[in-house]
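J.: give the three-dimensional model of this entry:
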Amino acid sequence: MLITLLALAVVLGVLIFVHEAGHFLAAKWAGIYVHRFSLGLGSPIRRLTFRRGETEYSVSWLPLGGYVKMASREEDATSALLEGGAATPVPPDRVFEAKPVWKRIVVILAGVTMNVLFAWAVYTGLAAKNGRSLDPTTTVGRVLPEVATGAAAPLAELRPGDRITAVNGEVPRSWDDIVERLISDGGALRIDLADGRHVDLHVHPAAVEDRSRIATALLPFRPAVVDSVLADRPAAQGGVQKGDTLVAINGRPIAQTYDVFEVMDTSAGHAVTLSVGRAGGRRDLQMRARAETVPDTGGKQRTVGRIGVAFHNPEYHEPVGMVEAVRLGTAATVNSAGLIVRTVQGLLTRRVATSSIGGPILIAQQAGESARMGPDRFLAFMAFISVNLAVLNLLPVPVLDGGQFVILLTEAVTRRPVPVRVRERLAMVGLVMVVLLMVLAFSNDIRRLLGG
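T.: A predicted model of the protein is given here:
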């Protein structure tokens, strides 16, 4: 729980700071007077507030965002509620409205720009550090029948051992290429196989859940070759060695690792006979599977049998130069943004269920999980959430950056400001929309916690 809370504080704190720093730096560049730079909404906490020059820096009471309070000719009720008051007199030429429209647009879009740049920098840095992760397999290991439903149903035509030679005409170098094509390509999907057969799928670009189902229904071929044996576990005691190939368990033929888990999941506490192939020939080894408790896909605990072996993973990291790291970082940023855009489109067209919307509780859970997986996974999670924040802020909702951009664009086209009364009403409508969305997100989070 402590790791989860700390991870959430780091994610929200850093990303909110990055976003608001964009607005702040752009406002200073434009010559706009900045009353306050705040992490959190509402009135500042006195003990966490200090002043440098003309700007007050603070942490505020409501930890659901942040703001940069710029000098303005008008202070509507919404901004006063979210940002607190500011009574410092300001020269007329330094208020927000006194600046040219194009400068105001730069200031409004600077926050999302900083979020995108942060994500791009993280993705690029991870690519430069770790290289390109590749799974060279292009052979189908298994199609999960419980997942291959609906739009993914045609995948049932694939058989273990089928080698994929192209997806939508693109020749895959790795299983990663196959998954990327299945998730990213829009409209019709065609999977060509080495034996001349092909499988056609039809899925709308905004049907994110269907695309995820298609990608997760396919599993790559994984030969049951032992990579390591844990000491003092049944396999080690029974004589299993690194490099052994499991060919049968209790007489049932084993073609790949998925077969092993199917047998072992129902063998807790039972004696098993492993037939293994090695340099000296085939051997039958006796042992008793140890009962262990693991979570299933629904998060519930179940008891399975385990013998203490890990199988060979063909994935490897290919080092890349800085130019290729920049390309990979850019591609990862674009792909993340595209996924979020398609998700929003799917929500609006009802191709994605509103139950998939998550709030701070879900973000906290995912942040905690990624933090436990190591700094690289945690940074990648932060980068994805940063892109998410940028895309959602660009929605044309009046209290968001996208809504403010539309208002300024209208002013640029009509050559006159949008009336204050109209902007105030739009802001209140936007605030209600955001509050309703937050209520939905929180209710979904609570429903998930209760097992719904």
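
J.: and residue 156, how far is that from residue 62?
T.: 51 Å (C-beta to C-beta, to the nearest Å). All C-beta spots, glycine's among them, are computed from the backbone N, C-alpha and C.

J.: run through the chain and note the low-pLDDT ranges.
T.: Low-confidence segments of the chain (pLDDT under 70): 75-88, 186-187, 295-300, 451-452.

J.: secondary structure class for residue 284?
T.: strand (DSSP: H, G, I helix; E, B strand; the rest coil).

J.: unless I'm mixing things up, it is touching residue 273, no?
T.: Yes - judged on C-beta atoms under 8 Å, residue 284 makes contact with residue 273 at a distance of 5.6 Å.

J.: residues near the nearest residue to residue 236 once chain neighbours are set aside, how many?
T.: Once flanking residues are discounted, residue 236 sits nearest to residue 229: 4.9 Å by C-beta to C-beta, 6 or more residues apart in numbering. For residue 229, the neighbour count with other C-beta atoms under 10 Å is 20.

J.: separation between the most centrally placed residue in the chain and residue 332?
T.: Geometric centre of the chain, nearest residue: residue 384, 4.8 Å, by C-alpha atoms, centre = their mean. As judged by C-beta to C-beta, residue 384 and residue 332 stand 9 Å apart.

J.: ok so, going back, so which of residue 284 and residue 273 has more stuff around it?
T.: residue 273 (13 against 10).

J.: what are the bridge partners for that one, then?
T.: residue 286 (DSSP bridges).

J.: any idea how far residue 227 is from it?
T.: 21 Å.

J.: residue 61 and residue 45 touch, don't they?
T.: Yes - Residue 61 lies in contact with residue 45 (C-beta under 8 Å); the separation is 6.1 Å.

J.: so which bits of the helix or strand that contains residue 431 are buried?
T.: Following DSSP states H and E, one finds residue 431 within helix 420-449. Neighbour-count burial for helix 420-449 flags 423-424, 426-427, 430-431, 433, 437, 441-442, 444-445 (criterion: 16 or more other C-beta atoms under 10 Å).

J.: and the helices in this structure, which stretches?
T.: 2-30, 77-83, 101-130, 175-184, 208-217, 234-238, 257-264, 322-348, 360-372, 375-393, 401-414, 420-449 (DSSP state H).

J.: with distance to residue 315 added, can I get those helices in JSON lines?
T.: Shown next, in JSON lines, are these (distance: least, C-beta to C-beta, whole Å):
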{"stretch": "helix 2-30", "distance to residue 315": "26"}
{"stretch": "helix 77-83", "distance to residue 315": "46"}
{"stretch": "helix 101-130", "distance to residue 315": "12"}
{"stretch": "helix 175-184", "distance to residue 315": "9"}
{"stretch": "helix 208-217", "distance to residue 315": "17"}
{"stretch": "helix 234-238", "distance to residue 315": "23"}
{"stretch": "helix 257-264", "distance to residue 315": "14"}
{"stretch": "helix 322-348", "distance to residue 315": "16"}
{"stretch": "helix 360-372", "distance to residue 315": "19"}
{"stretch": "helix 375-393", "distance to residue 315": "14"}
{"stretch": "helix 401-414", "distance to residue 315": "39"}
{"stretch": "helix 420-449", "distance to residue 315": "31"}
